[in-house]
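A.B. asks: Sequence and predicted structure, then a few things I'm wondering about:
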Amino acid sequence: MTFTRQLSTLGIALLIVACGDAKAGRPVDGEGGGGSGGASTSATGGSGTGGVDLPPPDFTQATRTQLAEGRDFGRAVDIDQDRIALGTLQTGADPRVYIYRREGTGWTQEATLVPDAFFQYDMDVDLGGDHLAVVGEYEVSLFSRTGMPWQTSPTSVTASIGLLNAAAVDEGQLAVSPASAFEAFTLTGDTVSMNGRIDLPIEVVDSGCSVDVDGDTAIVGTCVDPMSVAAPGQAYVFRRNGASWSYQQTLTPNDGLMLFGTAVALDGDTAVVGGIEAAYVFARDENGVWHQSARLEPQDTEAKGFGAAVDVSGKVVLVGAPETLFEISTFDVECGATYVFARDGAQWQQQVRLEPEMPEFHTGFGRTVAIEGKTIVIGEVNHELVNIFTAP
């Protein structure tokens, strides 16, 4: 396997290539190859993407590239086509988002953006076409581009009420989730127009943990405090008809998992929802109704925090487990891992476990994850690194 490490300094990319036994991750059988067998998850349906039915990318043979930009790098990550957005919160410095563009087999820094939003503990980024949403405590800093250059002065988007817990952008649509609601906006360049607000069907303890939008569909995850007497978390699906959004369906796990909705992801007719030590795949049928098709679990017993982050692209689902244990000097240490599941027909199986190159205490590997096509992006925030895995 070829291992590549890319360090960016002042926008200049330095690429170091080393050949040897470095591995991008651990195939489920521990022998390399196709990752057959696997954590198993039976499925009763799948998403129909239309067109040629291609096999999923094989990440057991992926190459790894690492980007480094300083303290707290990789706090937030996303990918859209040939661009990735990587966020950082630095103590005593302005938060920043770095945009990289794929150039051949490497990545070149395209822009450094400074959001206006207020960040107290965390940040999130979502990249969709010509727009980048950077999510703070009370607002979204929305950046747009025309052609290559990104605007450096963002547009501020605020929710109609309460804290802004999550936001996502796709195809000129911005979805946000303030307290107990879903709000949608239409984006035209740097012009933002609100399409409306929909109150969630029930009052929940911690609504809007997560949100994603893909085309004319959006999903909001509403995890619930496990000490509460309220029902387990749920996820709500919304559909757009023209410029108008409406509530469509409530998704719940078959086993009543707590904190269901901690993380959500959407791609076409496939939705993924994370919870405590599990992730769930839902498929939309020909009548537009969503059904749970799989419960994903890791094959090994070291995984911890499984379901804290999720993403999906085609037939591949990523599940982050940032507290996964590694044995270091006879001690079990939280380092983190990310699990890749692939769909074969109606079955979801674990293909590979991706790991930090240098496991150390609290690396945070898998706290933030993103995938598109043959490319996976994983934040390793406590090592101030971002890992990019590319399948052949």
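C.D. replies: Now that the structure is in, tell me what you want to look at.
A.B. asks: Was I right to think residue 316 contacts residue 55?
C.D. replies: No: applying Cβ atoms under 8 Å, one finds residue 316 not in contact with residue 55, separated by 10.5 Å. All C-beta spots, glycine's among them, are computed from the backbone N, C-alpha and C.
A.B. asks: ok, and the closest non-adjacent residue to residue 116?
C.D. replies: Leaving out its chain neighbours, the residue that sits closest to residue 116 by Cβ to Cβ, 6 or more residues apart in numbering is residue 141, at 5.0 Å.
A.B. asks: if we can go back for a sec, so which of residue 316 and residue 55 has more stuff around it?
C.D. replies: Applying other Cβ atoms under 10 Å to residue 316 and residue 55 shows that residue 316 carries more neighbours, namely 25 against 9.
A.B. asks: what is the more buried one paired to in the beta sheet?
C.D. replies: residue 313, residue 342 (DSSP bridges).
A.B. asks: what about residue 155, how many neighbours?
C.D. replies: A count of nearby residues for residue 155, using other Cβ under 10 Å, gives 18.
A.B. asks: which residues touch it?
C.D. replies: Residue 155 makes contact with 141-144, 190, 192, according to Cβ atoms under 8 Å, 6 or more residues apart in numbering.
A.B. asks: what's the pLDDT at it?
C.D. replies: On the pLDDT scale, residue 155 is placed at 93.
A.B. asks: What sits closest to it if chain neighbours are left out?
C.D. replies: residue 142 (4.5 Å).
A.B. asks: With residue 238 instead?
C.D. replies: Of all residues not flanking residue 238 in the chain, residue 218 sits nearest, at 4.5 Å (Cβ to Cβ, 6+ apart).
A.B. asks: Mind giving me the packing neighbours of the helix or strand that neighbour falls within?
C.D. replies: Element membership for residue 218 (DSSP states H and E) is strand 217-222. The helices and strands touching strand 217-222, judged by 3 or more Cβ pairs under 8 Å, 6 or more residues apart in numbering; DSSP states H and E, are strand 164-170, strand 173-178, strand 181-188, strand 210-214, strand 234-241, strand 263-267, strand 270-274.
A.B. asks: Go through these and pick out the most buried.
C.D. replies: Of these, the one with the most neighbours on average (mean count of other Cβ atoms under 10 Å) is strand 270-274, at a mean of 29.
A.B. asks: any idea of the angle whichever helix or strand comes after it forms with strand 263-267?
C.D. replies: Next along the chain after strand 270-274, taking DSSP H and E as the criterion, comes strand 279-284. Strand 279-284 and strand 263-267 are oriented at 30 degrees to each other (axes from the mean of the first three to the mean of the last three Cα atoms, to 10 degrees).
A.B. asks: partners of the helix or strand following strand 279-284, with directions?
C.D. replies: Sequence order places strand 290-296 as the next helix or strand after strand 279-284, per DSSP H and E. Paired with strand 290-296 in the same sheet, following DSSP bridges, are strand 279-284 (antiparallel).
A.B. asks: what's the strand it pairs with in contact with?
C.D. replies: 41, 43, 45-47, 251, 253, 257, 260, 263, 269-274, 290-296, 306-307, 310, 312, 317, 319, 348.
A.B. asks: Show me what the mean pLDDT comes to for that strand.
C.D. replies: 98.
A.B. asks: go on, stretch 170-184?
C.D. replies: 89.
A.B. asks: Grab the CA positions of that stretch and hand them over as PDB.
C.D. replies: Below are the C-alpha coordinates for stretch 170-184, written out as PDB (Å, rounded to 0.1, in the frame of the first residue of the first chain):
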ATOM      1  CA  ASP A 170     -27.400  21.400  -0.800                       C
ATOM      2  CA  GLU A 171     -28.400  22.500  -4.300                       C
ATOM      3  CA  GLY A 172     -29.300  26.000  -3.200                       C
ATOM      4  CA  GLN A 173     -31.200  24.900  -0.100                       C
ATOM      5  CA  LEU A 174     -30.200  25.600   3.500                       C
ATOM      6  CA  ALA A 175     -31.800  23.600   6.300                       C
ATOM      7  CA  VAL A 176     -31.400  24.600   9.900                       C
ATOM      8  CA  SER A 177     -32.700  23.200  13.100                       C
ATOM      9  CA  PRO A 178     -33.300  25.600  16.100                       C
ATOM     10  CA  ALA A 179     -35.200  24.500  19.200                       C
ATOM     11  CA  SER A 180     -38.100  22.100  18.300                       C
ATOM     12  CA  ALA A 181     -38.300  23.200  14.700                       C
ATOM     13  CA  PHE A 182     -37.100  22.800  11.100                       C
ATOM     14  CA  GLU A 183     -36.400  26.000   9.000                       C
ATOM     15  CA  ALA A 184     -35.600  26.100   5.300                       C
END
